[in-house]
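Undergrad: Quick one, fold the following:
(2 chains)
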Amino acid sequence: MKRNISWMLLFGIASLFVQCKDSGEDVKPDTDNELITTVKLKFTEQGTTNVSTFTSSDPDGEGGAAPVIQPISLKAATTYAVTVELLDESKTPAVDITKEVDEKAEEHLFIYTASPSTLLTYTAEDKDANNYPVGLVGKATTGAAGTGTLKVQLRHQPGNKNGTATPGSDDVNIDFVLQIN
Amino acid sequence: MVKLLISLLLVFTTTVSFSQTSSCACFIKGIVRDQHTSQPVVGATILVLGQNNGVFTDSQGKYQINNLCPGSYQIECRIVGYTPSRFKIDLTEGHIEDFNLEEDEVHLQDVEISAHRTDTPGSQPLTSLTGTELFKTRGDNLAESLKGLTGVTSLQTGASISKPVIHGMHSNRVLIMNNGVRQEGQQWGSEHAPEIDPFVATRLSVVKGAAGVRYGSDAIGGVVLVDPEELPFDKPLSGELNLVGFSNGRQGVSSATLQGSVKGWKGFGWRAQGTLKRGGNIRTPDYFLDNTGLSEKNFSLSTGYRHRGFGIDVFYSRFDTKIGIFSGAHIGSVTDLLNVIKNGEPLVKSGFSYDIARPNQNAQHNLIKAETHYHFNDGNRLQWTIAQQINDRNEFDLHGPRNDSLASLNRPELTFKLNTLTNDLVWDHRPIAKKISGQIGISSLYQYNLMSGRPLIPNFNQFNLGVFWIERYAKNGWELEAGVRYDYRTLATHRYVKKEKISTDFTFSNFSGTIGATKNITPYLSAKLNIGTAWRAPNVSELFSDGVHHGAAAYERGDSTLTQEKAINSIASIQYSTNRIKVELGGYYNYISDYIYLQPQAEPMLTIRGAFPYFKYTQTNAVFRGIDLSVDYELAKNLTLSSKLSYLNVYDKGNDNYLVMIPPNRWDNQLKYQLENIGPLKNVFVSAGNLSVAQQKRVPANSDFAPPPKAYSLWNMQIGSSIPVTEKNELEINIGIQNLFNVAYRDYLNRFRYYAHDMGRQVSIRLKWKFGASNK
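TA: Sure, this is the predicted structure:
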């Protein structure tokens, strides 16, 4: 009986040595590998040096403040050279994601969809190692004056890129307001 | 009334059969022991159902019932503090032997009854899986194993991740007691399955209804009990080898158990157990699901010592799993999701493979537990359980970092480390006037969580203290029970918001209560009523979520002002049982105030990946009410129909609407034919069955991307037998086919229902070799 009680005591004392930990000391800043906060579209009117840049920016990432999307305003019946730039501005300094997309060009595809479709047509002018378009550099031709939207998607298609939008998933999916004047 | 399940493990049954015809000189005798302490149970009633024949166990726990005619009987054993349980016994038909008429050589059944302590309110319905019924589920994960019980379903993420759902509730509303210790993993996540190897247990039980008084926070919908067999103190070496093969996923499972005592060390017992599981891509009727393989390696070790009233058990278990997540379920935006739904089948095609690539999750759960108890000579009993759990979970997204040097490290995008220490001290007081028994207990929980990766939940430290007191009274066929509990909880959270560390502290406290009654109206008929309350504090994800839930294509935001959720559950059941028919009918009404759920917001949340539907954790008052019916009816000799019906209706009173993700009604029917013994094959049976699941029509309007899947009906078949090889060697075999007609269906509670069909036909073969212990 005595021995039994001492067993139990021993047991209890052992439990006191179990370490407590302050989880607050170990808290780490969040890291989101894939975050893209900013998409910059640069339209250069063909044959000129007139550059217009339109940005969608959400520096605090998902949630928090809503993204600010600038309306795109272009001239009717004009051809533009289009480049796109992707940034993660939640980090300091901002991380240039464009470079990383370019390095992994055979996994990525930009899709530009105007609605109504007569407003703008887009052709990618770059190719990846497998001769599929990428869309970091391209050409856009506007139609007659009107208002609609331009959807910009970055499709992430590791291992299954085939030149179409179908495989993979969206890394970017933004609807810009599109005004053709 | 009761608190315990008596599990009538029929341990030793010997039949001697020499005799005179028409002589009603058979008898049953035996001893009733508490399985855990091996102490005899004094004053238990042993009833022969259908006859007014009953006896009490004496001071050594012994009983004897005389003057029984040869035949089949239902025997019931009951005592205050233990749930009554019944078993069937065959007293062998005597054949004419004109000689040897000595007194001892009459029909005799010697039955040792082990009463198993599980600490559940006796007036709440409890269903257990043991023996052959459990064997039929071997190789399945915990939630799938329990799915056959009425009122129990599962919440799935594909075919390999499954969580138990009791009366429509899951995750933090269902408590799992693993070996007497509350399981603490990252249960808040609907894709976080309990990290438990069912092979550890020889008994899986489900307590339905709120059991907050005994178990504390989270026991709102019910409690799942995972119990291993008692250690083999002073028994010879024995063991078990289980081999399971599944055609779908080409999955193989093997599990072995070895147990015994130590020669010369009286009172010692030990057990070692291990499981290996490996599976590949699951196939629906029309296509394979890419990256749905899994791999599991688990083991457990335990040892214990008993001396007079003293006992100590030490248990260690490790669960280690790696599960591939169907890659076709990865979406970046709502557009992606709508495209898959429109396509009707996954856009990602695949063949068969065992490879587990991204996305995947791996989890390790370590449990070390020590339990010690002492039975004082005056009838008091003290029990102390201390346990530590270390739960490590790593989740890998489909895409690693874009940066090559980071990607080559192949780090998980999410890492959770949860460390939990629990202490439970329970004092069972000496029975008062042999009629009132009760217990007083104190439970503590200390826990911390460390998190890194994608923002999801904060780091936290949590402390919980609970005290409870339960008393039971039995007289004249009535068993009454009442209890109270008080819980106090503190939660300190730490997280980064915009590169700034923010710490937020919470405290919660709650009173819970339970009252219940059981009445044995006739030896065939009993009724139970229980009214119990339970609570749970909001979990960290409900308080702090803030981001897109990629599995659900929804933006989910927590609310740090949420208060605790409280349930008042009334549950009534009637049991009628004769030799030919057994009916259990239960009804429940569970009112949950401040029920926490995701409320759809009018404005979508705009992100760089487009607009996501926006949900906020909000509180309302909800009602869960339903009926569970189970009938076993012997249609003809050896032919039994088992029918189980689960009906559930859930309503959001606060908003006058339905709630999402509630299991639809289901009806399960099995027809089983028990053959006579065929040569060396014993207990041969053939069964065929059907499960019909209705379409969930009670959903809020426009709350989902796709309507709940249509009703479905699945057929299954099984054959099984046991083969006693020698007196101490037995084989058991079972061959089953699930989804016999390879029906393409989707289940409302499978979170991948948007993306793909559920599993197609599944053929399984189960083999068990048991050695060292006498055959029953």
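
Undergrad: Can you verify my assumption that B:F624 contacts B:H170?
TA: No: using Cβ atoms under 8 Å as the test, B:F624 is too far from B:H170 to be in contact (11.9 Å). The C-beta positions use only the backbone N, C-alpha and C, and glycine is treated the same way.

Undergrad: between these two, what contacts are shared?
TA: Common contacts of B:F624 and B:H170 (Cβ atoms under 8 Å, 6 or more residues apart in numbering or on different chains): B:G221.

Undergrad: where does the stretch 401-550 of chain B have low pLDDT?
TA: B:550 (pLDDT under 70).

Undergrad: How about the closest residue to chain A within the stretch 601-750 of chain B: what's its closest non-neighbour residue?
TA: For the stretch 601-750 of chain B, the residue closest to chain A is B:G610, as judged by Cβ to the nearest Cβ, at 3.7 Å. Nearest residue to B:G610, sequence neighbours excluded (Cβ to Cβ, 6 or more residues apart in numbering or on different chains): A:N173, at 3.7 Å.

Undergrad: helix or strand for that neighbour, which one?
TA: strand A:169-180 (DSSP states H and E).

Undergrad: Could you please name the strands that strand pairs with and the direction of each pair?
TA: Strand pairing for strand A:169-180, using DSSP bridges, gives strand A:72-74 (parallel), strand A:146-156 (antiparallel).

Undergrad: now the shortest one: how far from the chain's centre is it?
TA: Its chain's average C-alpha position is 21 Å from that of strand A:72-74, according to Cα atoms, centre = their mean, to the nearest Å.

Undergrad: Would you mark the buried spots in it?
TA: Using 16 or more other Cβ atoms under 10 Å in any protein chain shown as the test for burial, strand A:72-74 gives A:I72, A:L74.

Undergrad: Could you do stretch A:174-181 as well?
TA: Buried-residue list, stretch A:174-181, by 16+ other Cβ under 10 Å: A:I174, A:D175, A:F176, A:L178, A:I180.

Undergrad: now those as a markdown table including pLDDT?
TA: A markdown table is the format used below for the buried residues of stretch A:174-181 (pLDDT from 0 to 100):
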| residue | pLDDT |
| --- | --- |
| A:I174 | 93 |
| A:D175 | 93 |
| A:F176 | 95 |
| A:L178 | 95 |
| A:I180 | 94 |
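
Undergrad: ok, now how distant is B:S630 from B:G151?
TA: 9 Å (Cβ to Cβ, to the nearest Å).

Undergrad: if you count what's nearby, which of the two comes out ahead?
TA: Per other Cβ atoms under 10 Å in any protein chain shown, whichever of B:S630 and B:G151 has more neighbours is B:G151, with 29 against 21.

Undergrad: Next, the closest residue to that one other than its chain neighbours: secondary structure please.
TA: Nearest residue to B:G151, sequence neighbours excluded (Cβ to Cβ, 6+ apart): B:D628, at 4.2 Å. What DSSP: H, G, I helix; E, B strand; the rest coil gives for B:D628 is strand.

Undergrad: If you count neighbours, what's buried in stretch B:493-505?
TA: Neighbour count says stretch B:493-505 has B:T493, B:H494, B:R495 buried, by 16+ other Cβ under 10 Å.

Undergrad: thinking again about what came up before, residues contacting the residue of the stretch 601-750 of chain B closest to chain A?
TA: Contacts of B:G610 (Cβ under 8 Å, 6+ apart): A:D170, A:N173, A:I174, A:D175, B:S333, B:V334, B:T335.

Undergrad: List buried residues within those.
TA: A:D170, A:N173, A:I174, A:D175, B:S333, B:V334, B:T335.

Undergrad: of all the residues you listed, which comes closest to B:S560?
TA: Nearest to B:S560 among the buried ones among the contacts of B:G610: B:V334, at 27.1 Å, using Cβ to Cβ.

Undergrad: Mean neighbour count, the strands paired with strand A:169-180: which tops it?
TA: Neighbour counts (mean count of other Cβ atoms under 10 Å in any protein chain shown) averaged over each of the strands paired with strand A:169-180 peak at strand A:146-156, with a mean of 21.

Undergrad: Residues touching it, excluding its own?
TA: A:36, A:39, A:41, A:56, A:72, A:84, A:86, A:101, A:107-116, A:118-120, A:165, A:167-180, B:332, B:335, B:399.

Undergrad: helix/strand/coil for B:N339?
TA: Criterion first, three-state DSSP; result for B:N339: helix.

Undergrad: Correct me if wrong: it contacts B:V348.
TA: No: B:N339 lies out of contact with B:V348 (Cβ under 8 Å); the separation is 12.0 Å.

Undergrad: More neighbours: the two, which one.
TA: Neighbours were counted for B:N339 and for B:V348 using other Cβ under 10 Å; B:V348 has more, 21 against 16.

Undergrad: So that one is in contact with B:F288, correct?
TA: No: in this structure, B:V348 is not within contact of B:F288 by Cβ under 8 Å, at 10.0 Å.

Undergrad: centroid residue for chain B?
TA: By Cα atoms, centre = their mean, chain B has its centre lying nearest to B:V224, at 3.7 Å.

Undergrad: Now do the contacts for that residue.
TA: Contacts of B:V224 by Cβ under 8 Å, 6+ apart are B:142, B:146, B:164, B:166, B:174-177, B:194, B:204-207.

Undergrad: Distance-wise, check it relative to B:L175.
TA: 7 Å.

Undergrad: Quickly list what's touching both of the two.
TA: With Cβ under 8 Å, 6+ apart, B:V224 and B:L175 have no common neighbours.

Undergrad: Can you name the next helix or strand after the lowest-mean-pLDDT helix or strand in chain A?
TA: Scoring the helices and strands of chain A by mean pLDDT, DSSP states H and E places helix A:2-16 at the bottom, with a mean of 60. For helix A:2-16, the following helix or strand on the C-terminal side (DSSP H and E) is strand A:38-45.

Undergrad: Partner strands of that following strand, with direction?
TA: Sheet pairing here is set by DSSP bridges, and for strand A:38-45 it gives strand A:51-57 (antiparallel), strand A:79-88 (antiparallel).

Undergrad: what's the domain layout of chain B?
TA: B:5-116, B:126-771 (automatic domain parsing).

Undergrad: Low-confidence regions, the chain specifically.
TA: Just going to use chain A. A:1-20, A:32-34.

Undergrad: Chain B is the one I meant
TA: Scanning chain B with the threshold set as pLDDT under 70 gives B:1-23, B:52, B:80-81, B:83-85, B:92-110, B:114-119, B:550-551, B:774-776.

Undergrad: does the residue nearest to B:G151 really touch B:T150, like I thought?
TA: Yes: counting by Cβ under 8 Å, B:D628 does reach B:T150; the two are 4.1 Å apart.

Undergrad: contacting residues for the nearest residue to B:G736 once chain neighbours are set aside?
TA: In space, B:G736 comes closest to B:Q718 once its chain neighbours are excluded; the distance is 4.3 Å by Cβ to Cβ, 6+ apart. B:Q718 sits next to B:K136, B:F685, B:V686, B:S687, B:A688, B:G689, B:N734, B:I735, B:G736, B:I737 when contact means Cβ under 8 Å, 6+ apart.

Undergrad: out of the residues you listed, which are buried?
TA: The buried subset of those (16+ other Cβ under 10 Å) comprises B:K136, B:F685, B:S687, B:A688, B:G689, B:N734, B:G736, B:I737.

Undergrad: Partner strands of whichever strand or helix holds the fourth one, with direction?
TA: Think B:A688. Per DSSP H and E, B:A688 falls inside strand B:682-693. Applying DSSP bridges, strand B:682-693 is found paired with strand B:666-674 (antiparallel), strand B:712-726 (antiparallel).

Undergrad: Would you mind putting the ones you listed into CSV with distance to B:P70 alongside?
TA: Listed next are these as CSV, based on distance: least, Cβ to Cβ, whole Å:
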stretch, distance to B:P70
strand B:666-674, 20
strand B:712-726, 23
